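Q: Need a 3D model of the sequence below.
(chains A and B)
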Amino acid sequence: MEYEAVIGLEVHAQLKTQTKTFCGCATTFAREPNINVCPVCIGMPGVLPVLNRNVVVYACMLAMAVRGEISRRSVFARKNYFYPDLPKGYQISQYELPVNRGGMIHIQLDGADRDIRLNRIHIEEDAGKLMHNQDGTSYVDFNRSGIPLLEIVSEPDLSTPDEAIAYLKKLRTILLYLGVCDGNMEEGSLRCDANVSVRPRGEARLGVKTELKNMNSFRFIHKALDYEIQRQTEVLGRGGTISQETRLWDESSGTTRSMRSKEEAHDYRYFPEPDLLTLEVSDDLLEEARRGVPELPDAKAGRFTAEYGLPAYDAEVLTASRDLAGYFETVVGSFDRPKAVSNWIMSEMLRFIKDIDTEVKDFRVTPDRTAKLLGLIDDGTISGKIAKGVYEQMVSTGKEPDALIKELGLEQISSESSLREVIAPILEQNRKEVGQYKAGKEKLFGFFVGQVMKATAGKANPSVVNDLLKKMLREEKT
Amino acid sequence: MGEGARCRVPLRANMSNKIIVDVKRVAELARLEFTDEELSVFSAQFQAILEYISQIDELKLDDVEPMSSPLPGPQRLRPDNPETGKGCRGLTREAAVANAPESRNGFFVVPRVIE
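A: Residues are numbered from 1 along each chain as shown, chains lettered A, B, ... in the order given. Now for the predicted structure:
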């Protein structure tokens, strides 16, 4: 029998606010444990939470970006469970009335477009961090306790690991465009759990699902989903049953394993948080959120193809990050040959960014300098080939392109008289080849061009060399 | 949000459709230990509360919006500014861990929670 998988994802995105969700503690990285803590976020008796306005603004920004339905009135709820990283014994979350319902994330995979539906987006607070020791103890650090999270829950619309990754990458890009989350999966500011089930192809009912956790990179998520789909398919294929459980991805063995947990672990007994009144999203707040939503990746890519005439592929690569798209547009602002700029960014710039492991915003070669360099190729000062070497120097030294070209004596030789002086001796020294060329062996032309380039260390202007060489060969006596 | 997340306080209907409370289960979830005698006392009390509240079922409330708090809203929001935070500045790490049964290097120490 043939089986198909059904995948739904729950993503937790840590918000880049200055302060925590319900108290004024800083959210900045702390090297020492329990520095950014106060009675509210370590759960002292008698404290009261006061919601951070920006958490609501950011939630509304994301809701707008995914075209969800913002609830003008929503309610916080207590999710009750005992674990040492949760000092109050409950997490303040949202349950029946989340801040956003619905929405879509558009993905493209193998040329096909799909809209993945969202079930909801809600606000909640993060838990503390645990470190487990060999001596039978665990350490608790509450610096992270109370940092705001958005939980983004998809509908079970995904059917392959590739689709799941495309969805996650798109969601991450949107969060980065909005500037509400830094999207770092290794450091846990973007976390993903997956609900996975399989069913016979064509069957309408969903199979029993497992929940996968502990996957902190796109690669691990892909591997974990692959493994789990195969595992469930095998179990069902030999007539077994899947038990509903939470499974952890174990990178060292490349498998998922059942997380031993007592059945009560999932009995959260949600009830409305009595310490917080109804959350009302005001017109002012909505307006502020609207102003915070920039042109989003899909719209930008569409504009790049329409306005700059770029191929869809270029537009997609360039809009993968807001910084890169901005870089491209700044270069085009002073050097108006969009495709040439796009080619340079995709083939040269991105390679260096990757090689030296930096970010677009920290990259040494400013858009202004890239535009200058491309201008110098365009006006014939240097060839495209020489330009690549100059660019490398620009990356390593941080110097201006024209200064480097002067310093290294790389200006292209375009003057006919100078090139005549180079070509004449070459023809003199290669009488045999000249004779063969004139006798009809025209492919020897390339040999002469090569000799000229060699003699000028690549600085000769190729088109001038072509014309001049043809002329001079014609003038040669046999 | 697994299926189990939909569970509320453990309630179930018995044969005569009367709601009864599983006090033993509630106690387990709250990490409380009771004797059988206490359990039966609390069961009766819970039952009385539920019966009292169930009077509300006799009313026609289809047009009434569910209330999440008896206090008038909306909740006030706090500007996202570290300076305006309350109660955050004064607490030192030493004070934070001072009442913990055990602390080490600024961490709270608890019995190991993972096998």
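Q: quick one: which helix or strand includes A:Glu287?
A: helix A:283-292 (DSSP states H and E).
Q: swap in A:Glu211?
A: Using DSSP H and E, A:Glu211 falls in strand A:210-215.
Q: So in that sheet, which strands flank that strand, and in what orientation?
A: Strand pairing for strand A:210-215, determined by DSSP bridges: strand A:190-200 (antiparallel), strand A:246-250 (parallel).
Q: Mind listing what's buried along that strand?
A: Neighbour-count burial for strand A:210-215, counted by 16 or more other Cβ atoms under 10 Å in any protein chain shown, picks out A:210-215. Every C-beta, even on glycine, is put in place using the N, C-alpha and C of the backbone.
Q: Checking A:Ala13 next. Helix, strand or coil?
A: Applying DSSP: H, G, I helix; E, B strand; the rest coil to A:Ala13 yields a three-state assignment of strand.
Q: Now the nearest residue to it once chain neighbours are set aside: phi and psi?
A: Nearest residue to A:Ala13 in three dimensions, chain neighbours excluded: A:Cys181, at 4.3 Å (Cβ to Cβ, 6 or more residues apart in numbering or on different chains). Here is the backbone geometry of A:Cys181 (degrees, to the nearest 10): phi -150, psi 140.
Q: From chain B, how far out is A:Cys181?
A: Per Cβ to the nearest Cβ, to the nearest Å, A:Cys181 is found 15 Å from chain B.
Q: rewinding a little: could you export the buried residues of strand A:210-215 as TSV, including pLDDT?
A: Rendered in TSV, the data for the buried residues of strand A:210-215 read as follows (pLDDT from 0 to 100):
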residue	pLDDT
A:Thr210	94
A:Glu211	94
A:Leu212	95
A:Lys213	91
A:Asn214	86
A:Met215	92
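Q: out of the residues you listed, who's nearest chain B?
A: A:Glu211 (6.2 Å; Cβ to the nearest Cβ).
Q: Excluding chain neighbours, what is closest to that closest one?
A: The nearest residue in space to A:Glu211 (Cβ to Cβ, 6+ apart) is A:Thr246, at 4.7 Å.
Q: For the one you found, which residues are in contact?
A: By Cβ atoms under 8 Å, 6 or more residues apart in numbering or on different chains, the contact set of A:Thr246 is A:210-213, A:258-259, A:261.
Q: buried ones in the longest helix along chain B?
A: Identified as the longest helix of chain B according to DSSP state H is helix B:36-53. Going by neighbour count (16+ other Cβ under 10 Å), the buried part of helix B:36-53 is B:42-43, B:46.
Q: can you put these in TSV and add pLDDT and distance to A:Phe304?
A: Shown next, in TSV, are these (pLDDT from 0 to 100; distance: Cβ to Cβ, whole Å):
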residue	pLDDT	distance to A:Phe304
B:Phe42	93	67
B:Ser43	91	68
B:Phe46	90	64
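Q: need those in TSV with distance to chain A, can you?
A: Shown next, in TSV, are those (distance: Cβ to the nearest Cβ, whole Å):
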residue	distance to chain A
B:Phe42	16
B:Ser43	18
B:Phe46	14
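Q: re earlier: name the stretch among the strands paired with strand A:210-215 that sits most buried.
A: strand A:190-200 (a mean of 22; mean count of other Cβ atoms under 10 Å in any protein chain shown).
Q: circling back: and the longest helix of chain B, C-alpha only, in CSV?
A: C-alpha atoms of helix B:36-53 as CSV (Å, rounded to 0.1, in the frame of the first residue of the first chain):
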residue,chain,number,x,y,z
ASP,B,36,-8.9,8.7,51.3
GLU,B,37,-10.8,10.4,54.0
GLU,B,38,-9.8,13.8,52.8
LEU,B,39,-10.5,12.8,49.2
SER,B,40,-14.1,12.0,50.1
VAL,B,41,-14.6,15.3,52.0
PHE,B,42,-13.2,17.3,49.1
SER,B,43,-15.2,15.3,46.6
ALA,B,44,-18.4,16.2,48.4
GLN,B,45,-17.3,19.9,48.6
PHE,B,46,-16.3,20.0,44.9
GLN,B,47,-19.6,18.4,44.1
ALA,B,48,-21.5,21.1,46.1
ILE,B,49,-19.7,23.8,44.2
LEU,B,50,-20.5,22.3,40.9
GLU,B,51,-24.1,21.9,41.7
TYR,B,52,-24.3,25.5,42.8
ILE,B,53,-22.7,26.7,39.7
